[in-house]
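[1] Just to be clear, the model below is a prediction. Sequence and coordinates:
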Amino acid sequence: MADYEIPEPEPKEIDEKLSIELRHLADNAVLTGKPYNDEQCENCRYFLEPYKDISYCWHQKLRILVGADWWCQWWDAIPEEG
């Protein structure tokens, strides 16, 4: 067991496929890693856990993990309670 070496990680075919799919999704969504003025995922109604740095976006056209500082064209303000 002492001679066993962990192999270098290499992307598998599924990783490359998912990377391409996510790149198309990001391109189509105008998904960026930076806020747009005061708009960012953290203060968007679709950001599931606004107290976290990374959370799930439940917008029907995304449905992926996003960063709190990110922004996309489907940003929507959190509705006022009342």
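    Structure received. The model shown is predicted, which means the values in this text are computed figures rather than measured ones. Numbers count the residues shown, from 1 in each chain.

[2] Let me see the contact set for the closest residue to Phe47 other than its chain neighbours.
    Among residues not flanking Phe47 along the chain, Cys41 sits closest, at 4.6 Å (CB to CB, 6 or more residues apart in numbering). C-beta coordinates here come from the backbone N, C-alpha and C atoms, glycine included. Cys41 is in contact with Phe47, Ser55, Cys57, Val66, Gly67, Ala68, Asp69, Trp70, Trp71, Cys72, Trp75, counting by CB atoms under 8 Å, 6 or more residues apart in numbering.

[3] What segments of the protein are helices?
    All helices of the chain, identified by DSSP state H, fall at 13-29.

[4] thinking Asp69 is in contact with Gln40, fair?
    Yes - using CB atoms under 8 Å, Asp69 is in contact with Gln40, at 5.4 Å.

[5] neighbour-wise, which of these two wins?
    Comparing Asp69 with Gln40 by other CB atoms under 10 Å, the one with more neighbours is Gln40, at 20 against 13.
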